[in-house]
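# take a look and give me a structure for this.
(one chain, ligands or ions: 2)
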Amino acid sequence: MSPRDYEIDELISAKRIAARIEGLSREICDTFAGTDQLVVVGLLRGSFVFIADLVRELDLPVEVDFLEASSYGDAMESRREVRILKDLSGEIGGRDVLVVEDIVDTGFTLHHVLGLLRSRGPARLETIALLDKPSRREVDIKATWTGFEIPDEFVVGYGIDYAQRDRNLPYIGTVRFT
Ligand code: 5GP
Ligand code: MG
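Ligands and ions are numbered 1, 2, ... in the order given. As a prediction, this is how the structure comes out:
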């Protein structure tokens, strides 16, 4: 593999991420206290590290499932199409569901995924996004819980990639081309 032609500047340390997840987990446990079995749905692939850390902080009965969506951008269109590449393995009708996303950017992905999941009749449907770029929003949507609001910068690490690289960084950093 070719060497990186960019630098990564740390934006959010592993320590800050862990502390934030601990706080968010307490709120999630309060919200879902008494749930039969919470279905935690990770949106692949960017949320895989976040969901792994998050579920280990949840003192609740949980089931873990995954869904993969891809979005097409069309420079000439303000709307974007979202395709489901991998659907859930389990059923969510009548269940409590928590959708786990890495970044809410324009909002199209989360909007589409929530519409699909809502159509299956969950008892409760909430969302958590590790990162939010509110300045980029095109669809009026907000996750129930957000880890960190960040500026309009391209980020990598902690599960989030640049051309499939850097998902294994323990922190979140911004990409700077050299
Ligand atoms: P949205 O539909 O909200 O525009 O898209 C959100 C998705 O775009 C995120 O789940 C993520 O996969 C991708 N995305 C948005 N911002 C970034 C970023 O800064 N870095 C990376 N690697 N992906 C991003
Ligand atoms: Mg994503």
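
# which residue ranges form the strands in this protein?
Assigned by DSSP state E, the strands in the chain fall at 6-12, 38-44, 62-72, 81-86, 96-104, 124-132, 145-149, 155-156, 172-177.

# with mean neighbour count and distance to residue 21 as extra columns, can I get these in a markdown table?
C-betas here are computed from N, CA, C, even on glycine. Conversion of those to a markdown table gives the following (neighbours: other CB atoms under 10 Å; distance: least, CB to CB, whole Å):
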| stretch | mean neighbour count | distance to residue 21 |
| --- | --- | --- |
| strand 6-12 | 15 | 11 |
| strand 38-44 | 22 | 13 |
| strand 62-72 | 15 | 14 |
| strand 81-86 | 12 | 25 |
| strand 96-104 | 24 | 11 |
| strand 124-132 | 22 | 9 |
| strand 145-149 | 18 | 7 |
| strand 155-156 | 23 | 17 |
| strand 172-177 | 17 | 13 |
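
# could you dump those into JSON lines and include distance to ligand 1 and mean pLDDT?
What follows is the strands of the chain, written out as JSON lines (distance: least, CB to the nearest ligand atom, whole Å; pLDDT from 0 to 100):
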{"stretch": "strand 6-12", "distance to ligand 1": "10", "mean pLDDT": "97"}
{"stretch": "strand 38-44", "distance to ligand 1": "6", "mean pLDDT": "98"}
{"stretch": "strand 62-72", "distance to ligand 1": "5", "mean pLDDT": "92"}
{"stretch": "strand 81-86", "distance to ligand 1": "7", "mean pLDDT": "93"}
{"stretch": "strand 96-104", "distance to ligand 1": "4", "mean pLDDT": "98"}
{"stretch": "strand 124-132", "distance to ligand 1": "8", "mean pLDDT": "98"}
{"stretch": "strand 145-149", "distance to ligand 1": "12", "mean pLDDT": "98"}
{"stretch": "strand 155-156", "distance to ligand 1": "4", "mean pLDDT": "98"}
{"stretch": "strand 172-177", "distance to ligand 1": "8", "mean pLDDT": "96"}
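
# now the ones you listed as TSV including distance to ligand 2?
Putting those into TSV (distance: least, CB to the ion, whole Å) gives the following:
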stretch	distance to ligand 2
strand 6-12	17
strand 38-44	5
strand 62-72	8
strand 81-86	11
strand 96-104	5
strand 124-132	9
strand 145-149	14
strand 155-156	12
strand 172-177	14
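
# need the residue closest to the centroid of this protein.
Per CA atoms, centre = their mean, the C-alpha nearest to the average position across the chain is that of residue 101, at 1.2 Å.

# who does that residue bridge with?
As for beta bridges, residue 101 partners with residue 129 under DSSP bridges.

# no further queries at this time; thank you.
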